[in-house]
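In: model this:
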Amino acid sequence: MQGDTLTITGSEVNHIRNVLRMKTGDEISVSNGQDEREYRYGIERMEEDAVFLRLRFIKEDKVELPVKVYLFQGLPKSDKMDLIVQKAVELGVYAVIPVRTDRSVLKLDEGKAAKKTARWQSIAEAAAMQSRRKVIPRVLEPMSMKEAVRFAAENTDRRCIPYELQEDPSGTGKLLESLKEGESLSVFIGPEGGFEPKEIALAQENGIEPISLGRRILRTETAGMAFLAWLVYILEIR
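Out: A predicted model of the protein is given here:
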């Protein structure tokens, strides 16, 4: 960034030209990653390997959730994780941590895990741009359930785990309404088939609170989105 001008190069050029299909005169939202302000630039010129922008105005706007949400997602089968990462980022998640659970169908060795994580990080970056996020959420490499529980205990203030045998949804509302600005929250979502009872026990032993997402059984790709939508409603809309 030089004064009021900005030049974009690299992979973002293809995203702007061929995915977003933007053209000269269109407006782009840019974040410097250091504050909550939104920098709005107009496209002045487009070349094959660069896009040239000029600053139009700066908008004071809190796009990020006031709570940092860490989504611990039990590894689902097929390509469901692609969708989960994309939608979670759109809904404001701070980080996504894939978790190897006892009922996870998808098994990843070290090499495959690194490639998958790179793919999911790329999806997170594109989703953050599309939803005009000020930060790009990180996608960490897959952890075991034990590692994930330890990570949550060491890095977040509040922790919860939606569980189908936890029938009273009132506790979920109380938890979300009690969150304070600046706090961090871990939410654990099971894979197809949910968590094993011993995994729930491990979570509870480490201060992770079982909660309910309602009376219906949700698919793994739906549960996290339902939780995040509820959180967005309480923190930003209601």
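
In: give me every residue that touches Tyr163.
Out: For Tyr163, the contact set (Cβ atoms under 8 Å, 6 or more residues apart in numbering) comprises Gly194, Phe195, Ile200, Pro210, Ile211, Ser212. (C-beta placed from N, C-alpha, C; glycine too.)

In: now the buried members of those.
Out: The neighbour count (16 or more other Cβ atoms under 10 Å) marks Gly194, Phe195, Ile200, Pro210, Ile211, Ser212 as buried among the contacts of Tyr163.

In: which of those residues lies closest to Met145?
Out: Set against Met145, the nearest of the buried ones among the contacts of Tyr163 by Cβ to Cβ is Phe195 (8.1 Å).

In: still on that earlier bit, which ones among the contacts of Tyr163 are found in helices?
Out: Taking DSSP state H, the ones among the contacts of Tyr163 that sit in helices are Ile200.

In: save the contacts of Tyr163 as CSV, and put in distance to Val139 and pLDDT too.
Out: CSV is the format used below for the contacts of Tyr163 (distance: Cβ to Cβ, whole Å; pLDDT from 0 to 100):
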residue, distance to Val139, pLDDT
Gly194, 22, 92
Phe195, 21, 94
Ile200, 25, 95
Pro210, 25, 94
Ile211, 24, 94
Ser212, 27, 93
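
In: nearest to Leu176, of the contacts of Tyr163?
Out: Ile211 (9.0 Å).

In: helix or strand right after the longest helix along the chain?
Out: In the chain, assigned by DSSP H, the helix with the most residues is helix 110-130. Sequence order places strand 138-139 as the next helix or strand after helix 110-130, per DSSP states H and E.

In: how does this structure divide up, domain by domain?
Out: As assigned by automatic domain parsing, the chain contains the domains 5-60, 68-237.

In: what's the most buried one of these?
Out: Stretch with highest mean neighbour count among those: domain 68-237 (a mean of 18; mean count of other Cβ atoms under 10 Å).

In: give me the distance from it to the chain's centre.
Out: 8 Å (Cα atoms, centre = their mean, to the nearest Å).

In: wait, Thr24 touches Met46, no?
Out: Yes. Counting by Cβ atoms under 8 Å, Thr24 touches Met46, with 6.1 Å between them.

In: any regions of this protein where pLDDT drops low?
Out: Applying pLDDT under 70 to the chain flags the ranges 1-2, 32-36, 60-61.

In: which residues of it fall in strands?
Out: Under the criterion DSSP state E, the chain contains strands at 5-8, 27-30, 37-47, 50-60, 68-74, 95-100, 138-139, 143-144, 158-162, 184-189, 209-211.

In: now distance to Glu110 too, for the ones you listed, in TSV please.
Out: TSV is the format used below for the strands of the chain (distance: least, Cβ to Cβ, whole Å):
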stretch	distance to Glu110
strand 5-8	34
strand 27-30	36
strand 37-47	39
strand 50-60	37
strand 68-74	19
strand 95-100	12
strand 138-139	16
strand 143-144	13
strand 158-162	27
strand 184-189	23
strand 209-211	32
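
In: quick one: contacts for the closest residue to Glu192 other than its chain neighbours?
Out: Of all residues beyond its chain neighbours, the one nearest Glu192 is Thr220 (5.6 Å), with distances taken as Cβ to Cβ, 6 or more residues apart in numbering. Residues in contact with Thr220 (Cβ under 8 Å, 6+ apart) are Gln73, Gly74, Pro76, Lys80, Ile84, Ile189, Gly190, Pro191, Glu192.
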